[in-house]
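Student: Sharing a model that was predicted from the sequence below.
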Amino acid sequence: MPPRCWRVLAAIYDGERDGNSWGGLFARAFGVLKGILYLGLGMSAVRLAFHTSAGETNWVPGPTILLVVAIGLFGFACFEIYRAFRAQLSQALHLYGPSATAREWIVRVSRFGIGARGLVIGAFAILLFRSAAAGRTHVPAAQQSLHYLGSVHPLFYLLAGAGIVAYGIYLLVLARYRRIETV
């Protein structure tokens with residue numbers, strides 16, 4: 001099973017225990033959307049890795065679709081930065097094993113990583129918005145968002161790079177200390 005297909009399955013079977021309230025249904029629908037997006041990104045990465053164009057389509061999103069996606073991504077970026085500011089890590093993360101000092105560092109590094117992820121996603125949303133506003137249908141490459149941050153100020157480039165590493169550490173911690181409810 002592809003790594004992010006569990007997002008779709010968790011949304012369908014309510015594996016995260018989000019429930020059937022409006023908020024829960026929204027979270028589950030967002031999980032399906034993330035699963036589909038990650039699947040598409042994964043397929044693109046495989047095609048790039050093997051230098052093949054098999055299965056590619058010539059479908060190009062119009063400027064209106066790019067604008068909607070840019071607005072959605074910018075909203076998500078703002079949410080990620082809010083999560084970092086409020087230290088809202090995954091609800092399934094249970095840090096009972098490490099010492100208090102280690103927990104404090106884990107939370108700090110995780111907050112930095114989540115915030116940097118939000119910054120990079122926000123930069124990508126701005127690039128998409130610019131492309132849509134100019135009437136172009138060109139979707140910028142993901143790494144262009146890092147270059148864009150570096151063009152704003154070199155410190156942003158450094159912060160984004162270090163933050164992506166910190167986000168990777170957060171994902172490793174989440175993989176180690178995530179508590180999965182079983183039926």
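Tutor: Looks like it arrived, so ask away. The model shown is predicted, which means the values in this text are computed figures rather than measured ones. Numbering: from 1, shown residues only.
Student: So in the chain, which helix runs the longest?
Tutor: Taking DSSP state H as the criterion, the chain has its longest helix at helix 100-133.
Student: Would you map the helices across the protein?
Tutor: 5-13, 22-49, 63-86, 100-133, 143-152, 154-177.
Student: With distance to H94 added, can I get those in TSV?
Tutor: Using the backbone N, CA and C atoms, a C-beta is placed for each residue, glycine as well. Shown next, in TSV, are the helices of the chain (distance: least, Cβ to Cβ, whole Å):
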stretch	distance to H94
helix 5-13	18
helix 22-49	19
helix 63-86	18
helix 100-133	11
helix 143-152	32
helix 154-177	6
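Student: Now for R111: which residues touch it?
Tutor: A84, F85, A87, L89 (Cβ atoms under 8 Å, 6 or more residues apart in numbering).
Student: ditto for P140
Tutor: Taking Cβ under 8 Å, 6+ apart as the test, what P140 contacts is F124, L127, L128, S131.
Student: same thing with G97?
Tutor: G97 neighbours (Cβ under 8 Å, 6+ apart): Y177.
Student: again, but for A87
Tutor: A87 neighbours (Cβ under 8 Å, 6+ apart): V107, R111.
Student: how near is it to Y170?
Tutor: Plainly put, A87 is 12 Å away from Y170 if you go by Cβ to Cβ, to the nearest Å.
Student: what's the domain layout of this structure?
Tutor: Annotated domains of the chain cover 1-59, 60-183 [automatic domain parsing].
Student: hang on, isn't V109 packed against I169?
Tutor: Yes - with contact defined as Cβ atoms under 8 Å, V109 counts as touching I169 (5.4 Å).
Student: Neighbours of A160, how many?
Tutor: By other Cβ atoms under 10 Å, 20 other residues sit near A160.
Student: Just give me the least confident of the contacts of R111.
Tutor: Scanning the contacts of R111 for pLDDT, the low point is L89. It has 73.
Student: Check the burial of that one by counting its neighbours.
Tutor: L89: 19 neighbours (other Cβ under 10 Å).
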